[in-house]
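Visitor: Structure, please.
(2 chains)
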Amino acid sequence: AQKITQTQPGMFVQEKEAVTLDCTYDTSDQSYGLFWYKQPSSGEMIFLIYQGSYDEQNATEGRYSLNFQKARKSANLVISASQLGDSAMYFCAMREGRRVQGGSEKLVFGKGMKLTVNP
Amino acid sequence: DTEVTQTPKHLVMGMTNKKSLKCEQHMGHRAMYWYKQKAKKPPELMFVYSYEKLSINESVPSRFSPECPNSSLLNLHLHALQPEDSALYLCASSLDRATNEKLFFGSGTQLSVL
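Guide: Just a heads-up that it's a prediction; the model follows:
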């Protein structure tokens, strides 16, 4: 079963507008971490933001914020004031705790989605 | 220094060749990883080293052989690869294997097997 689901294959947004990238996850563990990475065409995976399962506040990092809804098992990334340089693939990822059967703190990625920012 | 450096950036090899991919970090991280990424797909974990010992092998074929000579270096030795092994190979490191530790990735080696 898929652990991380990103249903949007691609999105377009106008420069300076906000955009939300969807991510849902599946885990039976109480302790887990959720990550968002950006991958431009150069290939490097760039860490954007982290949300721990026990964190009560939504994570924020500059223009990035994570809309964490634990009961719904969703961890959507919000990018405010999009810039042309935000055009890239975006991956949601999860790391489960050791106690989960089959879990081994591996970082597992969703399929990703392509964001294009138009001028 | 928050960099993971991978060399070479590009590699073309024949199916009978032996080559190695190299990865280096100087952040004092004790966990290092190899991921394989096919075009338009997410990265898939291959190996995890923790404190220089192999802790996870995701049933990777033996034609891929990882090595961790010291805490800063991670190699991936390649031998008798198949064309379907062509992919972007990403190295990553993290402070340790704790759930909340983010992975820092290198820019990858784009491998083509002819």
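Visitor: Whether stretch B:69-86 contacts chain A - can you check?
Guide: No - Stretch B:69-86 lies apart from chain A when judged by C-beta under 8 Å from any C-beta of the partner chain; the minimum separation is 14.1 Å. Every C-beta, even on glycine, is put in place using the N, C-alpha and C of the backbone.
Visitor: mind listing what's buried in that stretch?
Guide: Neighbour counts over stretch B:69-86 (16 or more other C-beta atoms under 10 Å in any protein chain shown) mark B:71, B:72, B:74, B:75, B:76, B:78, B:81, B:85, B:86 as buried.
Visitor: what sits up against the lowest-mean-pLDDT helix or strand in chain B?
Guide: For chain B, the helix or strand with the lowest mean confidence is strand B:53-57, at a mean of 90 (criterion: mean pLDDT, DSSP states H and E). For strand B:53-57, the external contacting residues (C-beta atoms under 8 Å, 6 or more residues apart in numbering or on different chains) are A:104, A:106, B:45, B:46, B:47, B:48, B:49, B:66, B:68, B:97.
Visitor: Lowest-confidence entry in those?
Guide: When the contacts of strand B:53-57 are sorted by pLDDT, the bottom entry is residue A:104 at 54.
Visitor: Spell out which strands sit alongside the least confident helix or strand of chain B in the sheet and which way each one runs.
Guide: Each strand paired with strand B:53-57, and its direction, by DSSP bridges: strand B:44-50 (antiparallel).
Visitor: Contacts for the partner strand next, please.
Guide: Against strand B:44-50 from outside (C-beta under 8 Å, 6+ apart): A:104, A:106-109, B:30-37, B:54-58, B:60, B:64, B:66, B:68, B:74, B:76, B:96-97.
Visitor: can you tell me which of the residues you listed are in strands?
Guide: Judged by DSSP state E, the subset of these located in strands is A:107-109, B:31-37, B:54-57, B:64, B:66, B:68, B:74, B:76.
Visitor: And those residues, which of them are buried?
Guide: A:107-109, B:31-37, B:56, B:64, B:66, B:68, B:74, B:76.
Visitor: what about the residue located most distally from the centre of chain B, which helix or strand?
Guide: Residue farthest from the centre of chain B, counting by C-alpha atoms, centre = their mean, is residue B:100 at 21.1 Å. Using DSSP states H and E, residue B:100 falls within no helix or strand.
Visitor: Spit out the contact partners of it.
Guide: Neighbours of residue B:100 in contact, by C-beta under 8 Å, 6+ apart: A:33, A:50, A:52, A:95.
Visitor: Tell me which of these fall in helices.
Guide: Among the contacts of residue B:100, no member falls in helices (criterion: DSSP state H).
Visitor: Can you select the buried ones from those residues in ChimeraX?
Guide: In ChimeraX, this line selects whichever of those come out buried by 16+ other C-beta under 10 Å:
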select /A:33,50,95
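Visitor: would TSV of the buried residues of stretch B:69-86 with distance to residue A:70 and pLDDT be doable?
Guide: Converted to TSV, those look like this (distance: C-beta to C-beta, whole Å; pLDDT from 0 to 100):
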residue	distance to residue A:70	pLDDT
B:71	36	89
B:72	38	95
B:74	35	97
B:75	40	98
B:76	37	98
B:78	42	96
B:81	43	94
B:85	39	97
B:86	40	97
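Visitor: Point to the residue nearest the middle of chain B.
Guide: For chain B, by C-alpha atoms, centre = their mean, the most central residue is residue B:34; offset 2.9 Å.
Visitor: Need the pLDDT of that one.
Guide: You'll see residue B:34 listed with a pLDDT of 96.
Visitor: I'm done for today, thanks for sticking with me.
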